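>>> For reference, the sequence and a predicted model appear below.
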Amino acid sequence: MSWLKAYGLLISLGFIVIYVIALGQLFDTYYGNVSPVLAYLTPFVSAENMLHAVINQQPTAWISTAVISVIGVIGFVGSMLHYQQHNKE
């Protein structure tokens, strides 16, 4: 199970590095535009777009927000149950 946590951390750090690189290219217009591949691979850009859609009150934005929120709550509850089950003393 520890190797799964290590790979999850590695993947999360990889996403953060891709995001920082993409942001650096977005704000630095002297060197060119951001690569479409980086914009596609970065989940944070999609989250930002979803947040902008919610703020602008677009009707379809609430569906994706609700789905992500439900998945987050299910993941949190599952993690708590897993922790409680495996750490009984």
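Everything's here; your move. Note that this is a predicted model, so its numbers are computed, not measured.
>>> Report the mean per-residue pLDDT for stretch 2-16.
Taken as a whole, stretch 2-16 has an average pLDDT of 81.
>>> and if you look at stretch 62-78?
Rounded mean pLDDT across stretch 62-78 is 87.
>>> What is the neighbour count of residue 63?
9 (other CB atoms under 10 Å). For glycine as for every other residue, the C-beta is placed from the backbone atoms N, C-alpha and C.
>>> Give the buried residues for the helix or strand containing it.
Per DSSP states H and E, residue 63 falls inside helix 61-86. Using 16 or more other CB atoms under 10 Å as the burial criterion, the residues of helix 61-86 that qualify are residue 61.
>>> That helix: how far from the chain's middle?
14 Å (CA atoms, centre = their mean, to the nearest Å).
>>> could you say what helices and strands that helix packs with?
Applying 3 or more CB pairs under 8 Å, 6 or more residues apart in numbering; DSSP states H and E, we find helix 61-86 packed against helix 43-55.
>>> Buried residues in the helix it packs on, which are they?
45, 50, 53.
>>> My guess is the first one contacts residue 19. True?
Yes - between residue 45 and residue 19 there is a contact under CB atoms under 8 Å: 7.4 Å.
>>> got the contact list for residue 54?
Contact analysis of residue 54 by CB atoms under 8 Å, 6 or more residues apart in numbering lists 61-62, 65.
>>> now do 6 Å
By CB atoms under 6 Å, 6 or more residues apart in numbering, the residues touching residue 54 are 61, 65.
>>> how near is it to residue 78?
From residue 54 across to residue 78, the span is 25 Å (CB to CB, to the nearest Å).
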